[in-house]
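Asks: starting from these lines, generate the structure:
(2 chains)
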There are 2 protein chains.
Amino acid sequence: MGWGDLGVYGEPSRETPNLDRMAAQGMLFPNFYTASPLCSPSRAALLTGRLPIRNGFYTTNAQARNAYTPQEVVGGIPDTELLLPALLKRAGYVSKIVGKWHLGHRPQFHPLKHGFDEWFGSPNCHFGPYDNKARPNIPVYRDWEMVGRFYEEFPINPKTGEANLTQIYLQEALIFIKKQQAAQRPFFLYWAIDATHAPVYASRPFLGTSQRGRYGDAVREIDDSVGKILDLLQDLKMTENTFVFFTSDNGAALISAPRQGGSNGPFLCGKQTTFEGGMREPAIVWWPGRIPAGQVSHQLGSIMDLFTTSLSLAGLELPSDRVIDGLDLLPAMLQGRLMDRPIFYYRGNTLMAVTLGQYKAHFWTWTNSWEEFRQGIDFCPGQNVSGVTTHTQEEHTKLPLIFHLGRDPGERYPLSFASTEYLSALRRITPVVQQHQEALVPGQPQLNVCNQAVMNWAPPGCEKLGKCLTPPESVPEKCSWPH
Amino acid sequence: MGWGDLGVYGEPSRETPNLDRMAAQGMLFPNFYTASPLCSPSRAALLTGRLPIRNGFYTTNAQARNAYTPQEVVGGIPDTELLLPALLKRAGYVSKIVGKWHLGHRPQFHPLKHGFDEWFGSPNCHFGPYDNKARPNIPVYRDWEMVGRFYEEFPINPKTGEANLTQIYLQEALIFIKKQQAAQRPFFLYWAIDATHAPVYASRPFLGTSQRGRYGDAVREIDDSVGKILDLLQDLKMTENTFVFFTSDNGAALISAPRQGGSNGPFLCGKQTTFEGGMREPAIVWWPGRIPAGQVSHQLGSIMDLFTTSLSLAGLELPSDRVIDGLDLLPAMLQGRLMDRPIFYYRGNTLMAVTLGQYKAHFWTWTNSWEEFRQGIDFCPGQNVSGVTTHTQEEHTKLPLIFHLGRDPGERYPLSFASTEYLSALRRITPVVQQHQEALVPGQPQLNVCNQAVMNWAPPGCEKLGKCLTPPESVPEKCSWPH
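Replies: Numbers count the residues shown, from 1 in each chain, chains lettered A, B, ... in the order given. Take a look at the predicted model:
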């Protein structure tokens, strides 16, 4: 989902009354960022509070490549990483993930091995349908075992886009909340729905209801579901003790627009890029009675802050044996404070850009290769900023392109290199980047090796269902990450 | 001001708390249009309820040209046009215009000759400073006589952007409202501020306060002033009988961005063009107790509707001797009704495009000429939609380019000519356009002739001030409208 997909962020059809109400009753963050322009690394960052370059969710196979966890990826979240649910358990929290995990699909990466107590959802994206010969359909798990596969037990109609998954995910969320409330147990629910990821889907009552086409139908169903979750919290009188945050893992995939992709509002490009459209996200916090209603915070926020903020809320200490990139946002949320902090934009192991205050410096610019672009793969459709949305990897490490995001949120007008404004922005940014890079110890890259044999051929539980498939011969190879 | 300049429309810095509150207490129109991508014709359309092609605010000097009323224009609003204040007078309304008139600056076009009872403001844009030799500085009028000139008695500091004009305009508005309230007279106030028009300006308390630069300072001062006007209406307990509407006369001038131009949000291009960025406008109606709070109307609205709606509010009949393009929006505002109607997009006398429902058909595409573009005049900076943002005038009258504005508000993906969706949209649009064009009787074009002698050399009242200048010889010539 993109920054511009919510009414409260200016989507013209304004079809998100529940998320807009969530913002009206809570606090909106217009300057909130994910940690990667791609799904898996963002989610790993959310759950570890650490940049993908630290937690291993990146590739070194080629310069500045976006990598994720399709079925053939061998890696996943390392055992050495401490995940939010595992830490929250120390304070008595029960944790559930509903929806897409995406931190690795092989047994050792299973969410219940990393702190979650319950899981309903899939390890990978709902791409497909597959033939179960060259590629198996993605399994859907309940806890330790698969309970079916997408396009089989969990149908997604590729033609109509009909699927009941968001409704199923919603029920999973509501039941989990009720159960914890009944047991008076503190809980962490990670509701990781994926209906706005191509192929986008919605259930029948929502199909065809949006002015925005099928993508909008999916947004409307998510919005409706968020409303139902908030309503339940209100009905159960749990609002005072429940902290709710809504955000997205990357900008709208403009490559799938207009039928399968959303809107990044006034921002440049989308998913796969380190322009604002790729990494600035909708973000709303809701905690009636604690966080004042109708506020807007211009704090630069990161998805990794949710890790740190959650630990803070639970009265837990941060792990002291590792670098945590997330910030505790409670001072911003409760006292309206603004904390100075950088936002780093990576592709793979390449630091593409950094934002500090209102200034964003690009050290590398790239959208995708000419070769891909000529095949019609366009991450910036209709947009073209000369020297910025480049199709060759352009290095600017010596003299970064700097934009003022307040005056120029669309990254269209680089500051003049000769201006005092440029020089003073550069003088602020340089030491922050230097410090970051000097102290950086990259994690073991997890997304370098692929192997057809590791795909979801025979997930645990497949025997009971009679749905085990035979894997091909194990042939590890370098994953190919074209962009 | 552009669609994307208000927080409620998704401006990331969210610096318009008063306009956002106006929307929260009133009704927001995300699909509201001006009648021309340029100032003078839009304002003439607002006050006559008629398209510029009818009321004469266009040129036939060349194909598809945007014309307005600089000092050297000979024409202005014809006496045959019926203006809103003149009609409202029949119901006992007192009318005042504060700010930019722009419907002609020669004596016969004076606002007080066209129904207004009071005026404080200027006949033309606050361009300048001029040397009073080749061009005089623009006068500022109080009612029938000039009381000074911009950059002289009414300073605008070209370097710092400091000017007190919005504060003066605000005081004019507040005093007028108080006076009518004291006298218990119904009134029409046309508060036509222009601080966001380049050269943008703000008063000292607002300068440097915006995250968006000087343009943002101007927006903040306008927003603050709107808040003060609404507060006064509330303090005087006038809200139940006062209908307030906020909108703009054209999209943000991206050619002046980022320092002097604003944002059109997710829309294509800006001022001067008939893409959405040029003509879709912020629009908020506020009438507490009558129009329900926090509503959004997807009615296709037009600036000309304010004419018709105002007459309806005053219990007056529409003139029956002429075509009125404006619609009465009260059913949309009071009962949430949606009325089917077209929006026509003109440049000069050329019908460039039409929107009907969610479909927009372009009969002509053009931004500006290659010659201008190569000189750096860019109405679509950073945007380039192949075959759409053209620099040659491309005719599509036989087979218009059609966009679905719900799925594709940025006009990036024309529907396939072969699709059933295209054909059915075209079938709906064709008769509407045909009917419009067959019935159309263009007015006498007012913006064809220019003459240095008609500039503001010696406006009425100049003698008292000792500020009369000597006009040059009268040499009427065809105005040159390059785009």
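Asks: all contacts plus neighbour counts: C-alpha atoms, from now on.
Replies: Noted.
Asks: in what helix or strand does the residue nearest to A:Gly7 when sequence neighbours are not counted lie?
Replies: Once flanking residues are discounted, A:Gly7 sits nearest to A:Arg14: 4.1 Å by CA to CA, 6 or more residues apart in numbering or on different chains. Using DSSP states H and E, A:Arg14 sits in no helix or strand.
Asks: state the distance from A:Ser312 to chain B.
Replies: The spacing between A:Ser312 and chain B, counted by CA to the nearest CA, to the nearest Å, is 28 Å.
Asks: and that residue, how many neighbours?
Replies: 16 (other CA atoms under 10 Å in any protein chain shown).
Asks: please name the residues that touch the spatially closest residue to A:Gln211 that is not a sequence neighbour.
Replies: Residue nearest to A:Gln211 in three dimensions, not counting chain neighbours: B:Gly406, with 5.0 Å by CA to CA, 6+ apart. Applying CA atoms under 8 Å, 6 or more residues apart in numbering or on different chains, we find B:Gly406 in contact with A:Pro12, A:Ser13, A:Gln211, A:Arg212, A:Gly213, B:Gln358.
Asks: what's the most distant pair in those residues?
Replies: For the contacts of B:Gly406, the maximum inter-member distance is 13.4 Å, found between A:Pro12 and A:Gly213 (CA to CA).
Asks: what residues does chain A have near chain B?
Replies: Proximity of chain A to chain B, by CA under 8 Å from any CA of the partner chain, involves residues A:4, A:8-14, A:30-31, A:211-213, A:216, A:258-259, A:263-266, A:296, A:298, A:381-386, A:406-409, A:412-413.
Asks: let's see which of the residues you listed end up in helices.
Replies: A:Gly216 (DSSP state H).
Asks: are any of the residues of chain A next to chain B buried, and which?
Replies: A:4, A:8-14, A:30-31, A:211-213, A:216, A:258-259, A:263-266, A:296, A:298, A:381-385, A:406-409, A:412-413 (16 or more other CA atoms under 10 Å in any protein chain shown).
Asks: show me where chain A has helices.
Replies: A:17-25, A:39-48, A:52-55, A:84-89, A:165-183, A:214-235, A:276-279, A:305-313, A:330-335, A:370-374, A:420-439, A:462-465.
Asks: possible to save the ones you listed as a markdown table with mean pLDDT?
Replies: Converted to a markdown table, the helices of chain A look like this (pLDDT from 0 to 100):
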| stretch | mean pLDDT |
| --- | --- |
| helix A:17-25 | 98 |
| helix A:39-48 | 98 |
| helix A:52-55 | 98 |
| helix A:84-89 | 98 |
| helix A:165-183 | 98 |
| helix A:214-235 | 98 |
| helix A:276-279 | 98 |
| helix A:305-313 | 98 |
| helix A:330-335 | 98 |
| helix A:370-374 | 97 |
| helix A:420-439 | 98 |
| helix A:462-465 | 97 |
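Asks: so which of those is the most surrounded?
Replies: Neighbour counts (mean count of other CA atoms under 10 Å in any protein chain shown) averaged over each of those peak at helix A:276-279, with a mean of 30.
Asks: quick one: list the elements packing against that helix.
Replies: On a contact count with 3 or more CA pairs under 8 Å, 6 or more residues apart in numbering or on different chains; DSSP states H and E, helix A:276-279 meets no helix or strand.
Asks: what's it in contact with?
Replies: A:2-3, A:33-37, A:250-252, A:264-265, A:267-273, A:345, A:409-411.
Asks: so of the buried ones among the residues of chain A next to chain B, which ones are in strands?
Replies: A:Val296 (DSSP state E).
Asks: residue of the stretch 1-150 of chain A nearest chain B, please.
Replies: A:Gly10 (3.9 Å; CA to the nearest CA).
Asks: separation between the residue of chain A most remote from its centre and A:Ile402?
Replies: What lies farthest from the middle of chain A is A:Ala418; by CA atoms, centre = their mean that is 37.2 Å. Noted for A:Ala418: a distance of 12 Å to A:Ile402, by CA to CA, to the nearest Å.
Asks: now A:Gln358
Replies: 10 Å.
Asks: of those two, who's got more company?
Replies: Counted by other CA under 10 Å, A:Gln358 and A:Ile402 do not tie: A:Ile402 has more neighbours, with 25 against 17.
Asks: give me the beta-bridge partners of the closest residue to the more buried one other than its chain neighbours?
Replies: Of all residues not flanking A:Ile402 in the chain, A:Ala361 sits nearest, at 4.3 Å (CA to CA, 6+ apart). Beta-bridge pairing of A:Ala361 under DSSP bridges involves A:Val354, A:Ile402.
Asks: surely A:Ala361 touches A:Thr355?
Replies: Yes - with contact defined as CA atoms under 8 Å, A:Ala361 and A:Thr355 form a contacting pair (6.4 Å).
Asks: more crowded one of the two?
Replies: A:Ala361 (27 against 20).
Asks: give me the pLDDT for that one.
Replies: Looking at A:Ala361, its pLDDT is 98.
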